[in-house]
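> would you be able to build a 3D model of this:
(2 chains)
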Amino acid sequence: MINKYTIKKFFISIITHIFLMTVAMSCLFPLFWMLRCALMTNETVFVDKSIIPSQMNFGNFITAWVEGGFGIYFLNSIIYTASVVFGIVIIASLAGYAFSRLRFPGKNLFFYMFIAALMIPLPGSFVPLVVLMNKLGWANTRYGYILCMINVGLSMSILLFKTFFDKMSPDLEDAARIDGCGRLGIWWHVALPLARPAIAVVVIFNSLNVWNEYILANLLLNDKSLMPLQRGLMVFQGSHSVDYPLLMSGLAIAVVPIVVVYLVMQKHIIKGLSSGITVG
Amino acid sequence: MKRVLSLFLCCFLILSIGCGKKKKDSNTITIWHWMTDRHKTFESLAQKYEEQTGIKVQIDLYAPSDVFTHKIIASAQARVLPDIYGILDKKKVFASFIENGFVADLTEEFKKNDSEWEKAIFPKALDVNRFKEGNIYNIRPGIYGEPLDVTNIQMLYNRKLLEKIGVKTPPVTFEDFINIAESLKRIGISSLVSGWGELWMIECFASNYAFNIMGEKKVMDTFKGEVPYTDPDWIKVFSIFKDLADRGILVEGVVTKPNKFAEQDFALERAAFAFNGSWCVNVYNDMNPDLEYGAMLPPSINPKLPMRIWGGAGSSFVVNQDSTNKDKAIAFLKWITNKEQQSYLAKETKNLPSNRQALSDIPKILSEFARVMDYTTYPSIWEYNEAALVSEKFNRGIQSIIIGEKTPQEVAEEVQAVKQKELEKAKRKRK
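Residues are numbered from 1 along each chain as shown, chains lettered A, B, ... in the order given. Coordinates of the predicted model:
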């Protein structure tokens, strides 16, 4: 029997679904538009108003890959993203654990210094970083860029890990200590495995950051062979004109790995962001 | 986990090996630039230069232009600038680079052999890189950069659309222009499009007519504060926009259009006239290669005074004062701006050459732009510049006139009020 409550629930559900579908559409539409333009030619991209292009030009993806020199840039971006994210996870989790669990002089001062670093926008640190890397002789090297990017992502990640470890039960540490673990052992065997949701959040945030980073790479690196993927996309943007189909094809190629990372990490990210996190 | 960690560290070390700082080769000149669309042409010229002279030219691209500017500033502070580079910032920044010894003075090179190099280049283009005697930056007078190409901003007309109303030659006077625009309107064709959503383009158009109506001296006197914006000549300048808007000559939404969208309108034949820079040749070619169009000076209102348009050096290169390859760098700049290389650059990149001798050898539309280079002027070479707040009020005021929000008289009074405040502020500062 249909009662007032069922009808109300039905309408609320419909409104909720319409709202969510609208939000989903607004998120997906730019991606769809990117793919649409990627399949057009320079002549039709401004003229053809149809949603689905009348002629599909799949060759754009190959042209973009070849002309943009995506092969080496793609490899570089993978190296940079993997190294930076790995470095950040290790250093930030160690630092976060130390700030949360250890007692040492100046603990709060150091922690607040890291947090204060969050307030400095990346462009504000450009000149000092370039000067420093040149003095060290690390400008125009992969490791120089990787170290700078690790530095950029540390503050936020340390904050995330510290917040996570603050909620970890001390009993777990005591149990590990009874089993013979030292401080590093507890971090490695107990804290880190429990911090998977926090790791997922750190991985996805920093992956996105490194994958899309271009300005610092441009400042620090001179050799074309060391540049990340974003450099390839610049080829299609002239000073006054833009090759939209090839640019969109390049963007479509560039977006794939990051979408894959997000899909793989999705479950953990939602957990990490939404749970009240009672660890252990 | 330990294995993964070790494996990762090994990979990282292996990949990082061999990426150390390379030693500077004395036979290689390094150039940093931001011109994506000219990169391939530069590379082919570099190859040709190496074949001819045995000197390797390393061309490095850092785009877009704002990222390039960051790179140059950061590299200057780290003292790692290349042999040749560009400075895209304001003249004040250019001056500070010279002051700090990052830019070589090229005057002597330009004057060699009876000024052979200087004479070959458009003087208006050289002016952008020139510091005159008694300049406000206290820079030693001289020429500090070499323009690679030149640019100017004119009006474009669509030949096919004009032929529809039986017009074969573009209008020369403003009256002719209005008549043609009204004929076009009768057959449903919009007349003038421009990116007047970008304030500098409005300023450019208005400044063209200000020079034509009252002459350079009176414009400068206004900037100095000796002539008010409520002067009848300035009201005439504001009234041009009211006239264009009232007669329906402007494309709808022109005051919110960025130039990129305005370029689409003209390229796709939605408007018969456009006000745009010489770079449009490249843009229109990409959007509609079959577009039949020509360039013309904005139609004149006052036949007694010349129409002045904005223009000058497009992109310029400077030589690093600290470079160990300074002589080689200068020799390369001389080579790339000679007639043969400039013709090649113009043909390949569709930009106006900075070398006048190359004009005979370039596509027709480019020569239409280039032949009026002598009419060009640019704010950075004026004796006086208007205060930023006054310019903004001036440009926004014109936007209000176009949308019918204000009259020319109202805008003139508002601009003058801001000008007055700025003059008083300057007076207080001097005290």
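> chain B contacts on the stretch 51-200 of chain A?
A:79, A:82-83, A:86, A:123, A:126-127, A:130-131, A:134-135, A:137-143, A:146, A:188 (C-beta under 8 Å from any C-beta of the partner chain). All C-beta spots, glycine's among them, are computed from the backbone N, C-alpha and C.
> now which of those residues would you call buried?
Buried members of these, counted by 16 or more other C-beta atoms under 10 Å in any protein chain shown: A:79, A:82-83, A:86, A:126-127, A:130-131, A:134, A:138-143, A:146, A:188.
> list the buried ones in the helix or strand containing residue B:66?
Per DSSP states H and E, residue B:66 falls inside helix B:65-77. Judged by neighbour count using 16+ other C-beta under 10 Å, the buried positions of helix B:65-77 are B:65, B:67, B:68, B:69, B:70, B:71, B:72, B:73, B:74, B:75, B:76, B:77.
> for residue B:263, which non-adjacent residue is closest in space?
Leaving out its chain neighbours, the residue that sits closest to residue B:263 by C-beta to C-beta, 6 or more residues apart in numbering or on different chains is residue B:283, at 5.0 Å.
> quick check: the one you found touching residue B:267?
Yes: Residue B:283 is within contact range of residue B:267, at 7.0 Å (criterion: C-beta atoms under 8 Å).
> let me know the helix or strand that residue B:244 is in.
Residue-wise, residue B:244 maps onto helix B:232-246 under DSSP H and E.
> off-centre distance for that helix?
Distance, stretch centre to chain centre, for helix B:232-246: 26 Å (C-alpha atoms, centre = their mean, to the nearest Å).
> burial measure for the residue nearest to residue B:263, as a count.
22 (other C-beta atoms under 10 Å in any protein chain shown).
> what kind of secondary structure is the single nearest residue of the stretch 1-150 of chain B relative to chain A in?
Closest residue of the stretch 1-150 of chain B to chain A, C-beta to the nearest C-beta: residue B:37 (3.4 Å). Using DSSP: H, G, I helix; E, B strand; the rest coil as the criterion, the local structure at residue B:37 reads helix.
> tell me the contacts of it?
A:238, A:239, A:240, A:241, B:282, B:349 (C-beta atoms under 8 Å, 6 or more residues apart in numbering or on different chains).
> and the pLDDT for it?
You'll see residue B:37 listed with a pLDDT of 86.
> also residue B:190?
89.
> can you check which helix is longest in the chain?
This is for chain A. helix A:4-38 (DSSP state H).
> wrong one, chain B
Chain B, longest helix under DSSP H: helix B:199-224.
> coming back round to it: now the angle between helix B:199-224 and the next helix or strand after the helix holding residue B:244, please.
Per DSSP H and E, the first helix or strand lying C-terminal to helix B:232-246 is helix B:259-267. Interaxial angle, helix B:259-267 versus helix B:199-224 (axes from the mean of the first three to the mean of the last three C-alpha atoms, to 10 degrees): 110 degrees.
> give the buried residues for helix B:259-267.
B:259, B:262, B:263, B:264, B:265, B:266, B:267.
> what's around the closest residue to the second one other than its chain neighbours, how many residues?
Translated: residue B:262. The shortest distance from residue B:262 to any non-neighbouring residue, by C-beta to C-beta, 6+ apart, is to residue B:195 (4.2 Å). Applying other C-beta under 10 Å, we find 23 residues neighbouring residue B:195.
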